[in-house]
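Colleague: let me see the structure of the following:
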Amino acid sequence: MATKIARADEVAPAPRRRGGGRWRATSGLLATPTIWLVVFFVVPVVLVGLYSVGLLTLLRNDDYLSLEHWRFFLTSDTYLSLFWKSVRMSLGVSVTSVLLAYPVAYLLALIAGTRKYTLLLVIIVP
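Modeller: Reported below is the predicted structural model:
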């Protein structure tokens, strides 16, 4: 058996890398939802946090870098009762939504054909 020996002037082609474009496509697909999340969720939450401690103010005579508003919130019976009422209400709505959504999702998973997409459209459109 003779083996072929490569000469110095012969250059073997570089092996083709697989999946190089896949990373670019994945990054492109994830960029829009990530930007949307940052602009419409993270930025407003950070701004509210900055306003709450006085780093950002709307008026000139507002307190700067003060936790007085937080102390008032945490010691006031009115605000704390409203806060816990909101927490209970949000938990109730979340549990109710999950209990109603799972049977509907199970039904949609079992239905085959075009009726599945019609029913899904009827659920999503409103």
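
Colleague: distance between the top helix by length along the chain and the chain's centre?
Modeller: Taking DSSP state H as the criterion, the chain has its longest helix at helix 77-110. Distance of helix 77-110 from the chain centroid (CA atoms, centre = their mean, to the nearest Å) equals 19 Å.

Colleague: ditto for stretch 33-52
Modeller: Using CA atoms, centre = their mean, the offset of stretch 33-52 from its chain centre is 11 Å.

Colleague: ok, now stretch 49-66?
Modeller: Computed by CA atoms, centre = their mean, the chain-centroid distance of stretch 49-66 equals 28 Å.

Colleague: cool, and stretch 60-77?
Modeller: 30 Å.

Colleague: need the contact partners of it.
Modeller: When contacts are defined by CB atoms under 8 Å, 6 or more residues apart in numbering, stretch 60-77 is touched by residues S52, V53, G54, L55, T57, Y79, L80. Bear in mind the C-beta positions are built from the backbone N, C-alpha and C, glycine included.

Colleague: what about it, average pLDDT?
Modeller: For stretch 60-77, the mean per-residue pLDDT is 84.
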